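A.B. asks: take this sequence and fold it.
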Amino acid sequence: DKAAIKQPVASVPTKRKKSRKSQKPPEAPKRFKSSFIFFSSAKHKEIRKKLAEKGSTEKVTDVAKIVSQQWKSLPPEERETWDE
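C.D. replies: Below you'll find the model as predicted:
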């Protein structure tokens, strides 16, 4: 009994099925862009210019954080201008 317990068990490789991502046809319509995406692309460029003028080199993630803070602080009336 004890000898059988101490013997290593041979590992059996398990076969996994590869999941395939469904391919969209190339003529399929693209997903719409949200108002935040339009705001972000416009403000990203502005913030980059301002930081370049100051001589600061910020990472893309830092600029994205600044943009998101600006978006969160926008009143709903100004957000509607980006919906168009």
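
A.B. asks: what residues sit buried inside stretch 47-62?
C.D. replies: Going by neighbour count (16 or more other C-beta atoms under 10 Å), the buried part of stretch 47-62 is residue 47. The C-beta positions use only the backbone N, C-alpha and C, and glycine is treated the same way.

A.B. asks: ends of that stretch, what's the gap?
C.D. replies: From its first residue to its last, stretch 47-62 covers 10 Å (C-alpha to C-alpha, to the nearest Å).

A.B. asks: again, but for stretch 53-62
C.D. replies: First residue to last in stretch 53-62 (C-alpha to C-alpha) measures 17 Å.

A.B. asks: now do it: everything it contacts.
C.D. replies: With contact meaning C-beta atoms under 8 Å, 6 or more residues apart in numbering, stretch 53-62 is reached by residue 51.

A.B. asks: give me the mean pLDDT for it.
C.D. replies: Mean pLDDT, stretch 53-62: 78.

A.B. asks: can you tell me the SS state at residue 61?
C.D. replies: helix (DSSP: H, G, I helix; E, B strand; the rest coil).

A.B. asks: tell me how far it lies from residue 44.
C.D. replies: Relative to residue 44, residue 61 is positioned 12 Å away (C-beta to C-beta, to the nearest Å).

A.B. asks: give me the pLDDT for residue 11.
C.D. replies: Predicted confidence (pLDDT) for residue 11: 65.

A.B. asks: pLDDT below threshold where in this protein?
C.D. replies: Within the chain, the stretches with pLDDT under 70 are 1-14, 84.

A.B. asks: switch the cut-off to 90
C.D. replies: 1-68, 70-71, 74-84 (pLDDT under 90).

A.B. asks: stretch 68-80: which residues count as buried?
C.D. replies: Neighbour-count burial for stretch 68-80 flags residue 71 (criterion: 16+ other C-beta under 10 Å).

A.B. asks: contact partners of it?
C.D. replies: 35-36, 39-40, 43.
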